[in-house]
Every structure is written in structure tokens, then in C-alpha cells.
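Engineer: I would like to see how this sequence folds:
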Amino acid sequence: MPPGASRSNVAPPVIIQVVGASGSGKSLVIERAVRRLAARGLAVGVVKHSHHSPDLSGKDSARFAKAGASVVLFASDRSFVTFRGRTEDLVPALPVDVVLVEGYSRRTFGGLRLRMQGPGDASAALVRILRAAPLRPGPTRLKVDGRSRPVRGPWRFVAYLLRANDVRHVERED
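Structural biologist: As a prediction, the model looks like this:
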């Protein structure tokens, strides 16, 4: 890295976890929060916990995972889905300003954790989420090897990984 260049000015996302029984209003609160946070210009990610796995038996993605891939990323031009990865590793590395986690009542991810008792808790929970989230998006540019890059998608992810692993210099080795 050139002298004076910063490793990363990109902070990890704010993580807000919403837990509670089925029907307690978790999805309602998250939906409302996403709308309000996106209106601020923030990039928002949502992780939804399910007790059911997607049925991929016989599909290529399942075959790759069974063969030993650590992570399988199924991607199209419009979206992607990952299979087999540790959620606790993925959540803080998402390239967004805020991650809303629905569920995982027996696991914590750091940050704010809200327990919903019923739909009547929705307004108070939404207020707490909006207060915990950043007021505006993080930096929009990042310097990588002396070149200015937009802090979106993969560059934000790379910046977070470098910062999280205290990497000070990256060099290509042929």
C-alpha cells in the first residue's frame, strides 16, 4: 500500500437482531425498518433465519457442497444465494450499512438485539432500530492500490475483510 494510503475507512455494518415467537411482528418491523433506512440512502441487508433448508437435492449447488466446497454461491444476473457458510462470519461482512437479522433466538451477532412479544411492540422496536442505524451512508469512495474505487458491493466487502483481519499490505504473487 502506498505511504499515507488508508487501509479502509469502511466501518462494518450496524447489526440489529430482531427475535421473538412466530407471529410476534418480527417481519413487520423489519419490513418497515428497511423502507425507512433505504429512504435515508443506506444500503440495508436482511438475514432471515429459517428452520428449513432449501431443497436442492440432485442440483449442482448441492453436489458442489457435498463434494466439500466451503461456500457455494448460486448467481444470476439479478441476484445470488449462498449455501454452506457460517452465518456468524457472513453477517458482519455483508457489503451494506445496516444488517437486520430476523431470528436466531439462540445466537447473538453483536449490536442491538430486540425481543418482540407481539405486534404491539412494533412501533417501539422500529424507533429503536432507526436510532441505532447510521444517519447517512458510509464513505462513497475507497483508495485501493492508489486508485479510487466506489465503496459498493465487492469493494466494500474487500475493505471490511482487510480491516477485520488487520491487513496492512496486499501484494500479488505470481
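
Engineer: Describe which strands the lengthiest strand in the chain pairs with in its sheet and in which direction.
Structural biologist: In the chain, taking DSSP state E as the definition, the longest strand is strand 14-20. In the sheet, strand 14-20 lines up against strand 98-102 (parallel), strand 112-116 (parallel) (DSSP bridges).

Engineer: how about it as CSV, C-alpha atoms only?
Structural biologist: Output of strand 14-20 as CSV, limited to C-alpha atoms (Å, rounded to 0.1, in the frame of the first residue of the first chain):
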residue,chain,number,x,y,z
VAL,A,14,-24.5,-1.9,12.2
ILE,A,15,-26.1,-5.2,13.1
ILE,A,16,-29.6,-5.2,14.6
GLN,A,17,-31.2,-8.5,15.5
VAL,A,18,-35.0,-9.0,16.0
VAL,A,19,-36.1,-12.1,17.8
GLY,A,20,-39.4,-13.4,19.1
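
Engineer: can you list the residues that contact it?
Structural biologist: By CB atoms under 8 Å, 6 or more residues apart in numbering, the residues outside strand 14-20 that reach it are 26, 29-30, 33, 91-92, 97-105, 108-117, 121, 125, 129, 132-134. Backbone N, C-alpha and C define where each C-beta goes, glycine included.

Engineer: secondary structure class for G45?
Structural biologist: The three-state assignment at G45 reads strand, by DSSP: H, G, I helix; E, B strand; the rest coil.

Engineer: where does the protein have low pLDDT?
Structural biologist: By pLDDT under 70, the low-scoring segments of the chain are 1-11, 52-56, 84-86, 93, 139-146, 149-174.

Engineer: quick one: the helices in this structure?
Structural biologist: With DSSP state H as the definition, the chain shows helices at residue ranges 26-39, 60-67, 87-90, 122-132, 153-164.

Engineer: between those helices, which gets nearest to P12?
Structural biologist: helix 153-164 (5.7 Å; CB to CB).

Engineer: Quickly note the distance from S61 to E31.
Structural biologist: Separation of S61 from E31 (CB to CB, to the nearest Å): 28 Å.
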